[in-house]
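Asks: Give me coordinates for this.
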Amino acid sequence: MNTSRSLLITVAIFLAISHTLGQAGNNLQFSNPVSISWLGENILRESPRLILTPELEKDLIRKLETDPLTQSAYRLLQNNAESICKLEPLTYQKTGKRLLSVSREAIRRMTTLALVYRIDKNEAHLMKLEKELEAVCRFNDWNPSHFLDVAEMALAVSLAVDWTGEWLDPSTRDLALEALVEKALKPSVSGDNWWIDAHHNWNLVCHGGISFAALAVFEKEPELASDILHRSVDKIPLGLMPYAPDGVYPEGPSYWFYATDYLTAAISVYESALGTDFGFPAAPGVMESTIYSQVLAGPSGDYFNFFDASLGGFHSLSHFSLLAWFARHGAMNFDADTYLKVLEKELENPGESRRMRFLSLAVLNISSLPEDATESWSNPEVWIGKGASPLCIIRNPQGGKEAFFLAAKGGSADDNHGNMDAGSFVFEMEGVRWSVDPGNQGYHTLEQLMGNELWNRAQDSRRWTLLTKNNFGHSTLTINGEMHLVSGRAVLVNDDPNSNLPAATFDLTPVFGNKLELAQRSFRKLSDTQLLITDDLEFNKHTAIITWQLVTKADIRIDKERVILEQDGRQLFIRVRSGQKYRTEVVSLSPPPLEYDKNIEGLKRLDIHF
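Replies: Residues are numbered from 1 along each chain as shown. The predicted structure follows:
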């Protein structure tokens, strides 16, 4: 006989909950007119034509005289150009199966040198650019077995040739164009290019990067370039689907940056070279994803780092570059004052700019920003992102860095870069992140130990032995001490953002299989200092042990009526409201269970067993 019980847990800290958006349809139809004849009629014949155009260059030169944002960003670019001139040319050095770090550094070096040379005409920058081009274009290949490497290198070489082609030594230019054909375009139509039909970040990076190469060599190889551009325009809509319906990028904030960097670059190059965006910005959720990139960070400035995401990136140079692009395309206002402070801080103490491969594009995005697009950003108190990987975000917008912040998620471990974290949440209050997500872990070391098992999402894969991947490293529920079902998907079933006590409910039942008849987790704001997490569970004969988990770096004390978390001189109180008997346990996760697990100092898990 089934027995129904409710488990109520109140977390005493200042809390907020999420606002729901309407379900958007994803039936937008895209036209694809690309052919040799269409390209012949529509491609811009003068150079530069890849993102940078003569008109945009005039705007940049004008704003370098008048606009503090453009001036500061360009000074960073000039400083980088000087430091790049002191470096040895790039060499073919793979890290495991990846040449990716070399390709990304090629983008940074080549686009920086090329754009600064166009403005300043310093011959040292052109000479260094030629050396870098000759180095990478003489590589035996650009590592097509991991095609991201090819796509990023293709973008680097394409922009370098387009932006400085009239000044490059003709032999260097010919070498670069030949490399784009032989090392990028031809490998993209031969071999096991599974990414062509991918629905995740690989789609946008590979099709986006290869589009630059096709546009760069159109006059040299019109048929090949036309075929590849037609394929890219045909397939990119598959990579837009994860943004629907309202901007939640299911691979997490770090991969939103990666995918969206290349999506916006691709749209920009189509606009500049072909005069069209093919309707891609109108795809459901694309423009709204800027809100996702804003609300997903807590008062601390750290992101909800679910899946393979890091904590950082919020209001970084990279973030502001993308926000400027979206503001230019009408998505939202742009906080120019905050960005100027970030630029000035970076000029005093360079950090991100020395690693940022798209700093040149940031300069162009800023220089083309409409003057009426600058206005400070205000977070909503409640935001809910729906779709296959729903999010619930609740905050106090006026509370400053000590305000309460809740971010909780549904979704599935079977998503790209997925973890067994359905129902998990992060929570900040009084300047402390009390519930944490272990976040990303470096791929290379894990691949050395696990091979492709790291990317195998089968239920019995070694991937799920990792603390960052399985449910034992997340603040969620565990039944019978077993792992979540990879194929299960937790969806949003109810939300009440406009109530005096706003709430949202996720149905976790599918991730537990036959171990429970029903499992629904609700988050409700009770007051400015109280969060109620309610797990409504319907047991069956397979239900033995229910474990409520909280992953934290705080110290934990247990007394008869409550659990006390202490961190940075602050306290959080957890009370259990349930008719069921329970026992409480603290499990140290530092050092972690496996020697190759990610070690986070002080990490531990509070287990409440029923």
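
Asks: show me what contacts Ala297?
Replies: Counting by CB atoms under 8 Å, 6 or more residues apart in numbering, Ala297 touches Pro253, Tyr303, Phe304, Phe314, His315. No exception for glycine: its C-beta is placed from N, CA and C like everyone else's.

Asks: my guess is Phe512 meets Gly488, correct?
Replies: Yes: Phe512 lies in contact with Gly488 (CB atoms under 8 Å); the separation is 7.1 Å.

Asks: now the strands for the stretch 401-550 of the chain?
Replies: For the stretch 401-550 of the chain, the strands defined by DSSP state E, counting those that start in this stretch occupy 405-409, 411-412, 425-429, 432-435, 477-479, 489-496, 503-507, 518-527, 530-538, 546-552.

Asks: and these, which is most packed in?
Replies: Of all the strands of the stretch 401-550 of the chain, strand 405-409 carries the top mean neighbour count, a mean of 28, counting by mean count of other CB atoms under 10 Å.

Asks: Run through the neighbouring helices and strands of it.
Replies: The helices and strands touching strand 405-409, judged by 3 or more CB pairs under 8 Å, 6 or more residues apart in numbering; DSSP states H and E, are strand 391-395, strand 425-429, strand 503-507, strand 518-527.

Asks: can you tell which of these is closest to Gly410?
Replies: strand 503-507 (4.5 Å; CB to CB).

Asks: contacting residues around that closest one?
Replies: Contacts of strand 503-507 (CB under 8 Å, 6+ apart): 17-18, 20, 384, 390, 392, 408-410, 422-423, 490-497, 519-525.

Asks: ok, then the element right after the helix-or-strand element of the chain with minimal mean pLDDT?
Replies: Least confident helix or strand of the chain, by mean pLDDT, DSSP states H and E, is strand 4-12 with a mean of 37. Of the helices and strands lying after strand 4-12 in sequence (DSSP states H and E), the nearest is helix 36-42.

Asks: looking just at contacts, which helices and strands does that next one meet?
Replies: Against helix 36-42 (3+ CB pairs under 8 Å, 6+ apart) you get helix 222-240.

Asks: same thing but at 10 Å, please
Replies: helix 222-240, helix 253-274 (3 or more CB pairs under 10 Å, 6 or more residues apart in numbering; DSSP states H and E).

Asks: buried stuff in the shortest one?
Replies: I take that to be helix 222-240. For helix 222-240, a neighbour-count test (16 or more other CB atoms under 10 Å) marks 222, 224-233, 235-240 as buried.

Asks: What mean pLDDT does that helix get?
Replies: The pLDDT scores in helix 222-240 average 98.

Asks: Please save the CA atoms from that helix in PDB.
Replies: Extracted C-alpha coordinates of helix 222-240, given in PDB (Å, rounded to 0.1, in the frame of the first residue of the first chain):
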ATOM      1  CA  PRO A 222      33.300  29.700 -55.100                       C
ATOM      2  CA  GLU A 223      31.600  26.200 -55.300                       C
ATOM      3  CA  LEU A 224      33.200  24.800 -52.200                       C
ATOM      4  CA  ALA A 225      32.500  28.000 -50.200                       C
ATOM      5  CA  SER A 226      28.900  28.200 -51.400                       C
ATOM      6  CA  ASP A 227      28.200  24.600 -50.400                       C
ATOM      7  CA  ILE A 228      29.600  25.100 -47.000                       C
ATOM      8  CA  LEU A 229      27.800  28.400 -46.400                       C
ATOM      9  CA  HIS A 230      24.600  26.800 -47.500                       C
ATOM     10  CA  ARG A 231      25.100  23.900 -45.100                       C
ATOM     11  CA  SER A 232      25.900  26.300 -42.200                       C
ATOM     12  CA  VAL A 233      22.900  28.400 -42.700                       C
ATOM     13  CA  ASP A 234      20.800  25.200 -43.000                       C
ATOM     14  CA  LYS A 235      22.200  23.700 -39.800                       C
ATOM     15  CA  ILE A 236      22.700  26.600 -37.400                       C
ATOM     16  CA  PRO A 237      18.900  26.600 -36.500                       C
ATOM     17  CA  LEU A 238      19.600  23.200 -34.800                       C
ATOM     18  CA  GLY A 239      22.100  25.000 -32.600                       C
ATOM     19  CA  LEU A 240      19.500  27.700 -31.800                       C
END
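
Asks: Just want the angle from it to helix 253-274.
Replies: 140 degrees (axes from the mean of the first three to the mean of the last three CA atoms, to 10 degrees).

Asks: how distant is helix 222-240 from the center of its chain?
Replies: Between the centre of helix 222-240 and the centre of its chain there are 23 Å (CA atoms, centre = their mean, to the nearest Å).

Asks: Also the last one?
Replies: Taking the mean of its C-alpha atoms, helix 253-274 sits 13 Å from the chain's own mean (CA atoms, centre = their mean).

Asks: Stretch 97-104 now?
Replies: Relative to the chain's own centre, stretch 97-104 is displaced by 18 Å; criterion: CA atoms, centre = their mean.

Asks: Can you pull out the residues in contact with it?
Replies: With CB atoms under 10 Å, 6 or more residues apart in numbering as the contact definition, stretch 97-104 has outside contacts at 90-95, 106, 135-136, 139, 141-146, 148-157, 209, 355-358, 443-444, 447, 452.

Asks: Which of the residues you listed fall in helices?
Replies: Of the contacts of stretch 97-104, the ones assigned to helices by DSSP state H are 106, 135-136, 148-157, 209, 443-444, 447.

Asks: Can I get the buried part of these as one PyMOL selection?
Replies: With 16+ other CB under 10 Å as the criterion, this PyMOL line picks the buried residues out of the ones in helices among the contacts of stretch 97-104:
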select buried, resi 106+135+136+148+149+150+151+152+153+154+155+156+157+209+447
